[in-house]
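1. below are the sequence and a predicted model; questions follow.
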Amino acid sequence: VVGNTIGMGIFMQPAALAPFGLNALTGWAAVIIGCVCLAVSFAALARKLPQADGPFGYVRGSLGEVVAFPALWAYWISCWVTNAVLSIGVVGYFITAFPAAKSIPPAALAVTFMWAFVGVNLLGVRSGGRVQVITSLLKIVPLLLVLVVGTVSILGSPATYTPNLPTTPVTAHLSMGAAAVALYAMLGFESAAVAAGRVTNPEKTIPRATLIGTLLVATFYVAIVAIGLLVVPQATLAASDAPFVTITDHLLGPGNGRWISLFVVISGLGCLNGWTLLASELTRTLAANRLLPPVLGDSNRFGAPWASLLLTGVLATVIGLMNYSSSLVGAFTKLSLIVSAANLPLYVCCSFALFYFLRRDPKGLSPALWLAGLGGVAFAAFAFFGVGWEPFIWALVLSLAGVPVYFWMRWRRASAPVASTGTT
């Protein structure tokens, strides 16, 4: 859970949440409660359906394919939009690490990063896997530095940093907005539940891993965001395209944060590589289940899903350029809200899948799980209100685009047997 959840999001969170002031902390409190409720729901579904194919299998096994497909389609959208989010997040740190790159348009850099890893993954999983191994641990360095140095500095001289406390009033509306932004950083918390069929004693292991991992990552993130709000003036932090560099400069002196940006760039590119692979593999899985055209399931001579990689690369490029703004952190925040909005339908459907089993087949399920399911639905509604109209409309339109695809593929599946019987 920890490995799958900690990604590029945390390196942009301090700037993305800075405009909300202390609402960032109340928003995070809502995210923690909501993610714990959802984590409990996922763990219960994993116990009930240990052989299911993750969240999609939970929903399809309870509510049917007609409900499961739109939820998975929205999740699929979130995967390739994430590629655009990650590439934009990397750009700010890349320019800090390599100042000569300032002459290159940031949008061009973001697109270059996306297509570089499409190319890497076209060479096969083994090639992409090597990149992932090299970069996976480097993200810990800047996180630990800010956490340790920031904590020591604040506790050692609290009066130095209290003037930086944000003055933005705490309101329900702003807390909802902060929760929607914060949720992006927690996406992936359900990953332990997906592996239920491949672990020993899943009845105990999965709930423990899911809950402990979720709480550990959330606590880590809240500490980082709180340190940023105390160390850097609110307006300065909100305008930063590389907030960890800005925080480090304020802690250790100007210029000392630049070297840390190299770790963030390497880590961010590793995340981009992983999500490029995930988006293409999910596309191939949908094609293999006859939910997308068969060509998207084809592999090249390296075993890579070439058509899926090209499709998700084009889609990520288009949505990234269409939502690009003059501010890197502004573009990152807007796209991350679209990702959060696109994930929420699957979370809601999984809560209703839990309700289905609690009502129809409650054996092995505690009645207290009704509270977890209701908490998950309530949190999704809370986050939906905080997303804002523009990201919500983007997610809605992209999700509705899956309706004709579903009925077209359903018609093709229905007509395939008829076509085959006409041959001799």
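-> Arrived safely, thanks for sending. Numbering: from 1, shown residues only.
2. which one is residue 181 nearest to, not counting chain neighbours?
-> Nearest non-adjacent residue to residue 181, counting by CB to CB, 6 or more residues apart in numbering: residue 16, 5.2 Å away. Yep, even glycine has a C-beta here, placed from its N, CA and C like the rest.
3. what is the neighbour count of that neighbour?
-> 27 (other CB atoms under 10 Å).
4. touching, it and residue 336? I think so.
-> Yes - between residue 16 and residue 336 there is a contact under CB atoms under 8 Å: 7.0 Å.
5. overlap in contacts, these two.
-> residue 181 (CB atoms under 8 Å, 6 or more residues apart in numbering).
6. how far out from the middle of the chain is stretch 232-248?
-> 22 Å (CA atoms, centre = their mean, to the nearest Å).
7. got the buried residues for it?
-> Buried residues in stretch 232-248, counted by 16 or more other CB atoms under 10 Å: 232-234, 237-248.
8. contacts for that stretch next, please.
-> Under CB under 8 Å, 6+ apart, the answer for stretch 232-248 is 11-15, 18-19, 21, 91-93, 95-96, 142, 145-146, 149-150, 164, 166-168, 227-229, 231, 250, 256-258, 260-261, 264, 327-329.
9. in helices, which of those fall?
-> Counted as lying in helices by DSSP state H, out of these, are 11-15, 91-93, 95-96, 142, 145-146, 149-150, 227-229, 231, 250, 258, 260-261, 264, 328-329.
10. counting neighbours, which of those residues end up buried?
-> 11-15, 91-93, 95-96, 142, 145-146, 149-150, 227-229, 231, 250, 258, 260-261, 264, 328-329.
11. which of the buried residues of stretch 232-248 fall within strands?
-> When DSSP state E is applied, the buried residues of stretch 232-248 are split such that none fall in strands.
12. quick one: which of these sit in helices?
-> 234, 237-238, 243-248.
13. tell me where the stretch 301-424 of the chain has helices.
-> 306-322, 328-360, 369-387, 389-400, 402-420 (DSSP state H, counting those that start in this stretch).
14. err, the stretch 51-200 of the chain, not the other one
-> 54-63, 65-97, 106-122, 125-136, 140-156, 158-161, 172-186, 191-194.
15. out of those, which is closest to residue 297?
-> The minimum distance between residue 297 and the helices of the stretch 51-200 of the chain falls on helix 65-97, with 14.0 Å, by CB to CB.
16. shouldn't residue 295 be in contact with residue 288?
-> No - in this structure, residue 295 is not within contact of residue 288 by CB under 8 Å, at 11.8 Å.
17. what's the neighbour count on the closest residue to residue 187 other than its chain neighbours?
-> Spatial nearest neighbour of residue 187, chain neighbours left out: residue 343 (5.9 Å); criterion: CB to CB, 6+ apart. Using other CB under 10 Å, residue 343 has 26 other residues around it.
18. quick one: contacts for residue 343?
-> Counting by CB under 8 Å, 6+ apart, residue 343 touches 74-75, 78, 183, 187.
19. which one of those residues sits in the busiest neighbourhood?
-> In the contacts of residue 343, the most neighbours by other CB under 10 Å go to residue 183, 31 neighbours.
20. distance of the nearest residue to it once chain neighbours are set aside from residue 114?
-> Spatial nearest neighbour of residue 183, chain neighbours left out: residue 340 (4.6 Å); criterion: CB to CB, 6+ apart. Distance of residue 340 to residue 114, computed by CB to CB, to the nearest Å: 20 Å.
21. now swap in residue 138 and tell me
-> 20 Å.
22. which one of these two has more residues nearby?
-> residue 114 (25 against 17).
23. report the mean confidence score over stretch 280-288.
-> Mean per-residue pLDDT for stretch 280-288: 83.
24. can you list contacts of it?
-> By CB under 8 Å, 6+ apart, the surrounding residues in contact with stretch 280-288 are 72, 75-76, 79, 121, 292-297, 299, 304-305, 308-309, 311-312.
25. contacting residues around the nearest residue to residue 339 once chain neighbours are set aside?
-> The shortest distance from residue 339 to any non-neighbouring residue, by CB to CB, 6+ apart, is to residue 78 (4.6 Å). Residues near residue 78 by CB under 8 Å, 6+ apart: 187, 338-340, 342-343.
26. for the residue most central in space within the chain, give me its contacts.
-> The centre of the chain sits closest to residue 187, judged by CA atoms, centre = their mean, with a distance of 3.9 Å. Neighbouring residues of residue 187 by CB under 8 Å, 6+ apart: 5, 9, 78, 82, 339-340, 343.
27. which stretches of the stretch 51-200 of the chain have low pLDDT?
-> Within the stretch 51-200 of the chain, the segments meeting pLDDT under 70 span 53, 125-137, 188-200.
28. could you save the helices of the stretch 51-200 of the chain as JSON lines and add columns showing distance to residue 412?
-> Output for the helices of the stretch 51-200 of the chain, formatted as JSON lines (distance: least, CB to CB, whole Å):
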{"stretch": "helix 54-63", "distance to residue 412": "19"}
{"stretch": "helix 65-97", "distance to residue 412": "14"}
{"stretch": "helix 106-122", "distance to residue 412": "27"}
{"stretch": "helix 125-136", "distance to residue 412": "29"}
{"stretch": "helix 140-156", "distance to residue 412": "47"}
{"stretch": "helix 158-161", "distance to residue 412": "61"}
{"stretch": "helix 172-186", "distance to residue 412": "35"}
{"stretch": "helix 191-194", "distance to residue 412": "28"}
